[in-house]
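Colleague: the sequence isn't on hand, but the structure is:
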């Protein structure tokens, strides 16, 4: 009887056009739009050397040019003032530096390159002024040891092993997958509604049938999981092979997280449906609101929101199923260890089990004086 219920429930779900749209076609459509919108988002991130013109007005300050060349940040064009102004007008250079005591600078507009030039010159002026002040007040300070300290370079950062790519755009797609997993809550909501005699005539007939209500519920959940797993595999395949979204090398863990996320989504739907005695439309509206709020906080609408939430409300990351799923995918893509992944997976599994327990406790106590 159990397998018989699962079989026909799967047929019913696959004939449900609304379920097919929201759990399969809508994520694919939205992922395609994301790809069109974000495909060239990071093309401008590559840094190119800045073209500048240097006009030598005082030969006493020629060390500036050599220092600029050593940084490899600039392409130096040594010209006259007239030629430099002509190059600036034609857009061939980002700025003109007059290598004199005051280190004047001329630009035609504002931008990143112009800001970098200004910051470099300000830093150079400060260092030059500091050394000049020490030299005038305490010439004895310029010993060989002091000069070696000035010329030395130190590393003050620690290298961490991460993946070769740090493309944050993938967070949009991971949040989309989280939404797909949590949209399975509609299936869970429908499963409970179909066994609550006060919700529909179909559910009333189910309750007078000799089959135990718990067996029917488990059969419905199994059929919903099978449908959701097929849908999530198709969405994953589309993202990976059609759109080229990276998930890291551990495909098995990606499927495991998708499975647990879908299970949690279904259990969230059953829990909401069991606790709330309103119509199914109201339950669906609540699930949509909770899912979209969770996806918003996990960075689906704006990726910076994810980091703002983690910084300002760090506990929220562990209370938001959508953030747990998104962060789980990202940890597989970004880190070479699995600590963060299994932490997210464990908390997500706990949410699913808690939702399941609440659903069971509510449903087993529901009795009807008349149907």
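Modeller: Structure received. Predicted model only: the values in this text are computed from it and were never measured.

Colleague: strand partners of whichever strand in the chain runs longest, parallel vs antiparallel please.
Modeller: Of all the segments assigned as strand in the chain under DSSP state E, the longest by residue count is strand 50-56. Sheet pairing of strand 50-56 (DSSP bridges) gives strand 74-78 (parallel), strand 95-99 (parallel).

Colleague: quick one: buried residues of whichever helix or strand comes after the first one?
Modeller: Tracing the chain past strand 74-78, the next element assigned as helix or strand by DSSP states H and E is helix 81-89. Judged by neighbour count using 16 or more other CB atoms under 10 Å, the buried positions of helix 81-89 are 84-85, 87-88. Every C-beta, even on glycine, is put in place using the N, C-alpha and C of the backbone.

Colleague: buried residues in stretch 344-359?
Modeller: Residues of stretch 344-359 classed as buried: 344-345, 347-348, 351-352, 355-356, 358-359 (neighbour count, 16+ other CB under 10 Å).

Colleague: ok so, going back, of the strands paired with strand 50-56, which is nearest residue 170?
Modeller: Residue 170 sits nearest to strand 74-78 of all those, at 33.3 Å, using CB to CB.

Colleague: ok, and the helix or strand in the chain with the lowest average confidence?
Modeller: Across the helices and strands of the chain, the lowest-confidence element by mean pLDDT, DSSP states H and E is helix 144-151, at a mean of 55.

Colleague: what's the next helix or strand after that one packed up against?
Modeller: Elements were assigned by DSSP H and E; along the chain past helix 144-151, the next helix or strand is helix 170-182. When contacts are defined as 3 or more CB pairs under 8 Å, 6 or more residues apart in numbering; DSSP states H and E, helix 170-182 sits against helix 26-38, helix 213-237, helix 251-275, helix 280-297, helix 303-312, helix 321-334.

Colleague: quick one: average confidence on the helix or strand just after helix 170-182?
Modeller: Per DSSP H and E, the first helix or strand lying C-terminal to helix 170-182 is helix 185-193. Here the mean pLDDT over helix 185-193 is 90, rounded to a whole number.

Colleague: next one: helix 185-193 to chain centre, how far?
Modeller: Between the mean C-alpha point of helix 185-193 and the mean C-alpha point of its chain there is a distance of 28 Å (CA atoms, centre = their mean, to the nearest Å).

Colleague: other SSEs contacting that helix?
Modeller: helix 213-237, helix 251-275, helix 280-297.

Colleague: neighbouring contacts of that helix?
Modeller: Helix 185-193 is touched from outside by 13, 19, 22-23, 199-200, 203, 217, 220-221, 224, 227-228, 265-274, 280, 283-284, 287, 291, 359, 363, with contacts defined as CB atoms under 8 Å, 6 or more residues apart in numbering.

Colleague: just the buried members of those residues?
Modeller: Once neighbours are counted (16+ other CB under 10 Å), the buried part of these comes down to 13, 19, 22-23, 199, 203, 217, 220-221, 224, 227-228, 265-274, 280, 283-284, 287, 291, 359, 363.

Colleague: could the buried residues of helix 81-89 go into TSV alongside pLDDT and distance to residue 7?
Modeller: Formatted as TSV, the entries for these read as follows, by pLDDT from 0 to 100; distance: CB to CB, whole Å:
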residue	pLDDT	distance to residue 7
84	88	80
85	89	81
87	89	76
88	89	76
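
Colleague: report the two of those separated the most.
Modeller: 85 and 87 (7.4 Å).

Colleague: how far away is the closest residue to residue 14 other than its chain neighbours from residue 182?
Modeller: Beyond its immediate neighbours in the sequence, the residue positioned closest to residue 14 (CB to CB, 6 or more residues apart in numbering) is residue 227, lying 6.7 Å away. Taking CB to CB, to the nearest Å as the measure, residue 227 and residue 182 are separated by 15 Å.

Colleague: cool, and residue 73?
Modeller: Distance of residue 73 to residue 182, given as CB to CB: 46 Å.

Colleague: give me the more crowded residue out of those two.
Modeller: Here residue 73 and residue 182 are compared on neighbour count by other CB atoms under 10 Å; more neighbours surround residue 182, at 26 against 16.

Colleague: from residue 361, how far out is the more buried one?
Modeller: When CB to CB is the yardstick, residue 182 and residue 361 sit 22 Å from each other.

Colleague: do the same with residue 351
Modeller: From residue 351 to residue 361 the distance is 16 Å (CB to CB).

Colleague: and if you look at residue 336?
Modeller: Separation of residue 336 from residue 361 (CB to CB) stands at 42 Å.

Colleague: what does residue 104 show for phi and psi?
Modeller: With angles defined as degrees, to the nearest 10, residue 104 sits at phi -70, psi 160.

Colleague: pretty sure it sits against residue 98.
Modeller: Yes. Residue 104 is in contact with residue 98 according to CB atoms under 8 Å; the separation is 4.2 Å.

Colleague: for the closest residue to residue 174 other than its chain neighbours, which residues are in contact?
Modeller: Residue nearest to residue 174 in three dimensions, not counting chain neighbours: residue 329, with 4.1 Å by CB to CB, 6+ apart. Residue 329 is in contact with 170, 174, 177-178, 247, 254, 257, counting by CB under 8 Å, 6+ apart.

Colleague: now with 10 Å, please.
Modeller: Applying CB atoms under 10 Å, 6 or more residues apart in numbering, we find residue 329 in contact with 170-171, 173-175, 177-178, 245-248, 253-254, 257-258, 261, 341, 344.

Colleague: again, but for residue 290
Modeller: 182, 185, 268, 272, 320-322 are the contacts of residue 290 under CB under 10 Å, 6+ apart.

Colleague: stretch 102-114: end-to-end distance?
Modeller: One end of stretch 102-114 to the other measures 18 Å (CA to CA, to the nearest Å).

Colleague: can you offset everything so residue one is 32?
Modeller: Yes, from this point I'll number from 32; that puts the last item at stretch 133-145.
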